[in-house]
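Undergrad: compute the structure for the input listed below.
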Amino acid sequence: MDILSILGVIFGFLAIVGGNFLEGGDTSALINLPALIIVFGGTLGATFLHFPPKIIFHSLKVLLLIVSPRKHLLDEQIEKVGMWSALARKEGLLGLEVVVDKEQDKFAKKGLQLLVDGNEPEVIRDCLEVELNTIEHNEIQAAKVYEAMGGYSPTIGIIGAVVGLIQVMQNLADPDLLGAGIATAFVATIYGVGFANLLFLPISNKLKLEAYALVQAKEMMLEGITAIAEGENPRNIELKLSGYIL
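TA: I've put the predicted structure just below:
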């Protein structure tokens, strides 16, 4: 579990609430349901219009990666590729058939199957690169959903502020109703900027980092399987792939 992500959200919102408290403000003044509906609802509406359903649903699926990132275990993957290479040199590529059935990772399994089928290294690389590009595209698009929300949120917050000011102007003759309109105006701005900079944009950047880590792991597997197809020495393959580990 990524504790820093959880602490980041907590510290970010506590800083705003705590700062307001130290200034003598009432914490309840930051809670405004109309402002929340305008900003959050408007942001969701604009985002739903921006992206197709497939990307929206995938962005919800990968959101858990913020607190529970994937474990790629590159060391173990390199060791596994080395074992595959040694087995291929000893028993030939057909000896990897047993490994294909046991492999859980779909990307690696596809590469091994291409190996067993006797495809040329260039064909194997091309096939895996197509799938890798698709994986990268989907992951980056999911991150861009939250990036878009971070862009829309402050603007929707301004709309909320204008809505609140309209209410103020309509009730100038009734001082009792002015407070609600003014509160909605200012709190909507806070919500818009706060959601963007404390949630949406950080989430987007975190998911992009997760996407790059996933692509790197798949790319390493691609290079390893291609090297096996080219008949490279198992030890050399492991040394080559170790370059992916910082």
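
Undergrad: give me the neighbour count for Thr189.
TA: The tally of other residues near Thr189 (other Cβ atoms under 10 Å) stands at 20. C-beta here means a position set from N, CA and C on the backbone, and glycine is covered the same way.

Undergrad: isn't it right up against Ile158?
TA: Yes: using Cβ atoms under 8 Å, Thr189 is in contact with Ile158, at 6.7 Å.

Undergrad: after the longest helix seen in the chain, which helix or strand is next?
TA: Selection of the longest helix in the chain by residue count, based on DSSP state H, yields helix 121-170. Sequence-wise, the next helix or strand downstream of helix 121-170 (DSSP states H and E) is helix 178-195.

Undergrad: hey, what's the angle from that following helix to helix 121-170? Just curious.
TA: Here helix 178-195 runs at an angle of 170 degrees relative to helix 121-170 (axes from the mean of the first three to the mean of the last three Cα atoms, to 10 degrees).

Undergrad: what comes up buried for helix 178-195?
TA: Neighbour-count burial for helix 178-195, counted by 16 or more other Cβ atoms under 10 Å, picks out 181, 183-192, 194-195.

Undergrad: next up, the contacts around the closest residue to Val62 other than its chain neighbours.
TA: Closest residue to Val62 apart from its sequence neighbours, by Cβ to Cβ, 6 or more residues apart in numbering: Ala142 at 5.0 Å. For Ala142, the contact set (Cβ atoms under 8 Å, 6 or more residues apart in numbering) comprises Ile55, His58, Ser59, Lys61, Val62, Leu207, Ala211.

Undergrad: try 6 Å
TA: The neighbourhood of Ala142, defined by Cβ atoms under 6 Å, 6 or more residues apart in numbering, consists of His58, Ser59, Val62.

Undergrad: just to revisit the earlier point, touching both of Thr189 and Ile158, which residues are there?
TA: Among the neighbours of Thr189, none is also in contact with Ile158 (Cβ under 6 Å, 6+ apart).

Undergrad: look up how far Thr43 lies from the spatially most central residue of the chain.
TA: Centroid-nearest residue in the chain, with Cα atoms, centre = their mean: Leu207, separated by 2.2 Å. Applying Cβ to Cβ, to the nearest Å, the value for Leu207 to Thr43 is 17 Å.

Undergrad: coming back round to it: of the buried residues of helix 178-195, the lowest pLDDT goes to which?
TA: Scanning the buried residues of helix 178-195 for pLDDT, the low point is Gly181. It has 67.

Undergrad: where does pLDDT dip in this protein?
TA: 25, 172-181, 246 (pLDDT under 70).

Undergrad: for the contacts of Ala142, which single residue is the most surrounded?
TA: Going by other Cβ under 10 Å, Ser59 tops the contacts of Ala142 with 24 neighbours.

Undergrad: that one against Ala143, yeah?
TA: No: using Cβ atoms under 6 Å, Ser59 is not in contact with Ala143, being 7.7 Å away.

Undergrad: before we move on, back to that, could I get the contacts of Ala142 in a markdown table, plus columns for secondary structure and distance to Leu33?
TA: Below are the contacts of Ala142 laid out as a markdown table (DSSP: H, G, I helix; E, B strand; the rest coil; distance: Cβ to Cβ, whole Å):
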| residue | secondary structure | distance to Leu33 |
| --- | --- | --- |
| His58 | helix | 30 |
| Ser59 | helix | 26 |
| Val62 | helix | 29 |
